[in-house]
Structures are given as structure tokens and as C-alpha cells.
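>>> I would like the atomic coordinates for the input below:
(one chain, ligands or ions: 1)
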Amino acid sequence: MSEYVIRPVQASDTDTVERMMALSDMCLGTGLGPVTRSQMLHDLADPAFAAFAACSAKDGAVLGVAEVRVLDTERYQQLVSTLPPGTLPARKDGDRLGWLGNEAVHPSHRRRGIGGRLRDVMLDWLRDRGCTAVYTLHWLSSPTSSSLPLLVAAGFTVVGVLPEYWTPTSLEAEGSRCLHCGPQCHCTAYLMHLPHL
Ligand SMILES: CC(C)(COP(=O)(O)OP(=O)(O)OC[C@H]1O[C@@H](n2cnc3c(N)ncnc32)[C@H](O)[C@@H]1OP(=O)(O)O)[C@@H](O)C(=O)NCCC(=O)NCCS
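Coordinates of the predicted model:
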């Protein structure tokens, strides 16, 4: 039997939401994504959004988390507005796009396939909702714990390199903290695209 199960997180499962947020804070830092409890609960009520948790089959501990959403026109525009002009094309009518959000696996459970399973569950979720292409912003966390190989293995390519991408957000978001840079984030983001889901 597998040592963990992956399941969708429900807003009513406050214990799992709490553990999920704690893991996300530990692995990614705080305040630089949809990472406040109230925002997560708000997002979980949206049918265009899902969060998945890899939970220990033994004691239910949350070992990994991932977030995914269908990218509607408004959110696509929001994304475009944070990018240098021309980075992304105008959205075509009828495009059904997906978005991979944060993904994190507890440091003592990495390199056992949990991150890859979470990625596959997210891509299946988007496929089931009719998405035919996917975007994500990759954060180069560290050479040994980056999700880049997992994304490349699934067919994603880099379509933009964005230095200091999260700096404005980190200045605006009170109490935010990047795991590497502290209160002011200077990390580079890679905009990645999977053209055929
Ligand atoms: C990125 C991250 C989610 C990957 O999680 P993971 O559970 O270690 O991922 P996997 O185990 O599926 O795959 C990672 C590597 O382990 C390898 N692996 C998978 N199963 C393995 C096993 N049983 N034994 C040894 N290696 C294994 C994979 O082939 C992959 O290797 P590669 O990088 O050389 O291609 C995790 O490292 C993490 O939380 N990083 C910090 C946060 C972060 O950067 N998140 C992404 C940005 S939002």
C-alpha cells in the first residue's frame, strides 16, 4: 500500500487547511501567494479552484500540498498585467487555460514521487475541466528542491524569465517573508507554458 493518499481539500476540513497552510509557509515563505487562511478558504469555495493534499496513510499528516485553478479571462489579464509587455499573447476566444499554483512537499518526504503525483493530479483536474493548455510561474527555490525538472518532464517550457518578479508583492504585503530573501523578495520567476495538455 502507498504510504500516502492524495485527496482534494475541502473548506470544511479546517484541520487539513491549517496543516496545509503551515506546510506551505514552511516550504515557500509567507504572504507571497494565495497564502492567507481567509484567502485560501475563499478560494476553496470557488469551483474553478482546487487544492490537493498528500496525506500520510498512517496518521493523516499532510506531507505535500498543491493548488490549481482554471484561468478565466480576468485572471489571465491579471497575470498579463504583471509581465513585461508582449510576454504573453492576447487570449484567444474559446481558449480554456489552466494554472498551476504553489506546490510543496515536506523536506523529509521529498524525492519519493509525491511532487510528481501531485503534479499529475493537478493536470488531470484541469484536463477534466476542458483545459487544453496550462501556465505556471516557477520559483527557483534551490537547486535541489526546485519543481523545474517536474515541470519540464511534463512538457512545460520556459516562455519568460522574470527577475525580481515578486518584489512589488513583497513590498505591498505586510508581514510577507520569502524563504530565501526575507521580507523583500528578489527571486526570479520563470513563466512556464504547457501548450498541449
Ligand atoms: C519541488 C518539490 C515539490 C518536489 O517534490 P518531491 O516530492 O521531491 O518530487 P518528486 O519526488 O516527485 O520528484 C523530485 C525528484 O525526485 C526523483 N524521485 C522521485 N521518486 C524517487 C524515488 N523513489 N527515489 C529517488 N528519487 C525519486 C524524481 O525523479 C525527481 O528527480 P529529478 O529532480 O532528478 O527529476 C519539493 O522539492 C519542494 O517542496 N520544494 C520546495 C518548494 C518549491 O520549490 N515548490 C515549487 C515552487 S511553487
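
>>> Same question for stretch 84-92: list its buried residues.
residue 88 (16 or more other C-beta atoms under 10 Å). Bear in mind the C-beta positions are built from the backbone N, C-alpha and C, glycine included.

>>> mind checking the end-to-end distance for it?
The first residue of stretch 84-92 is 19 Å away from its last residue (C-alpha to C-alpha, to the nearest Å).

>>> Could I get the average pLDDT for that stretch?
For stretch 84-92, mean pLDDT rounds to 88.

>>> Kindly report the same for stretch 7-27.
Stretch 7-27 carries an average pLDDT of 92.

>>> Counting neighbours, show which residues of that stretch come out buried.
9, 16-17, 19-21, 23-24, 27.

>>> Closest one to the ligand out of those residues, please.
Distance to the ligand, by C-beta to the nearest ligand atom, is smallest for residue 27 among the buried residues of stretch 7-27, at 4.4 Å.

>>> wouldn't that closest one be in contact with residue 108 here?
No. Look at residue 27 against residue 108 with C-beta atoms under 8 Å: they stay out of range, at 11.4 Å.

>>> Around the ligand, which positions in the protein sit nearby?
Residues of the chain lying near the ligand by C-beta under 6 Å from any ligand atom: 27-28, 102-105, 110-116, 139, 141, 145-147, 149-150.

>>> Buried among those residues? Make that a ChimeraX selection.
Buried residues within the residues of the chain next to the ligand, by 16+ other C-beta under 10 Å, are selected in ChimeraX with:
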select :27,28,102,103,104,105,110,114,115,116,139,141,147,150
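
>>> among the residues of the chain next to the ligand, which are in helices?
Applying DSSP state H to those, the entries found in helices are 27-28, 114-116, 149-150.

>>> so can I have a markdown table of the residues you listed showing distance to residue 135?
A markdown table is the format used below for those (distance: C-beta to C-beta, whole Å):
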| residue | distance to residue 135 |
| --- | --- |
| 27 | 21 |
| 28 | 18 |
| 114 | 23 |
| 115 | 19 |
| 116 | 19 |
| 149 | 18 |
| 150 | 15 |
